[in-house]
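Engineer: Provide a 3D model corresponding to the input given below.
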Amino acid sequence: MELKPNSAKIIDMATELDAVPLDTPIGPVVWATVRIEYALAGLAPTVDIRVPIPFERSETDKERHTQALRSARLLIDHACRAAGIVPDQLAASPIEEALDQVLPAELEGITQELGLTSPRARSQRFKRRQT
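Structural biologist: Residues are numbered from 1 along each chain as shown. Next comes the predicted model:
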C-alpha cells in the first residue's frame, strides 16, 4: 500500500495560546501551539507546531488564533524550502485537469478565483506551452 500524505483529510484543527506573554527584544510575544489532526488510510497522523505571535492587548483571542495558524503555515513552508523540498503544486484532480484542457488561456485561474479548484502557481497546460 502506498501512503499519499497529500490525500489526507483534516479532521480537527486547534490552537492553544500560552496564558502569559513574554517580553522579548522585539516586543511582547505569546506562544501558540497549533495542532492539526488528519485521517489517512485508517491512520490518524498529527502535526504540532509552536509559533510565537506578537502580543497586542487590543487583539481578541480569535485574532490571535488566526495569526497562529498563519504563522504555522509560514514556518512549515519555510522549513520545506530550506530543506530543498519543492511543493508538488497540489496534484491536480481529474476535474481540474479537464477544466485546464477546455478553458481558454485567457481564463486561466478563473476556477481558482471562483473557489472551484485548489490554488496552484500555474496550470500544467501553461507550463507545457512555455517549453
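Engineer: so where's the longest helix in this structure?
Structural biologist: helix 61-82 (DSSP state H).
Engineer: What mean pLDDT does the longest strand seen in the chain get?
Structural biologist: Using DSSP state E, we find that the single longest strand of the chain is strand 27-39. When pLDDT is averaged over strand 27-39, the result is 94.
Engineer: Quick check: next helix or strand after that strand?
Structural biologist: Next helix or strand after strand 27-39 toward the C-terminus (DSSP states H and E): strand 46-54.
Engineer: rewinding a little: quick one: the longest helix of the chain to strand 27-39, angle?
Structural biologist: Angle of helix 61-82 versus strand 27-39, following axes from the mean of the first three to the mean of the last three CA atoms, to 10 degrees, is 80 degrees.
Engineer: returning to that earlier point: give me the sheet partners of the longest strand of the chain and which way each runs.
Structural biologist: Paired neighbours of strand 27-39 in the sheet (DSSP bridges): strand 9-17 (antiparallel), strand 22-24 (antiparallel), strand 46-54 (antiparallel).
Engineer: Domain ranges for this structure, per the record?
Structural biologist: Annotated domains of the chain cover 5-82, 94-130 [automatic domain parsing].
Engineer: ok so, going back, can you list the helices and strands that the longest helix of the chain packs against?
Structural biologist: strand 9-17, strand 27-39, strand 46-54 (3 or more CB pairs under 8 Å, 6 or more residues apart in numbering; DSSP states H and E). Bear in mind the C-beta positions are built from the backbone N, C-alpha and C, glycine included.
Engineer: so where's the chain uncertain?
Structural biologist: Across the chain, residues meeting the criterion (pLDDT under 70) sit at 1, 86-100, 103, 106-131.
Engineer: correct me, but I53 touches Q67?
Structural biologist: Yes - counting by CB atoms under 8 Å, I53 touches Q67, with 4.7 Å between them.
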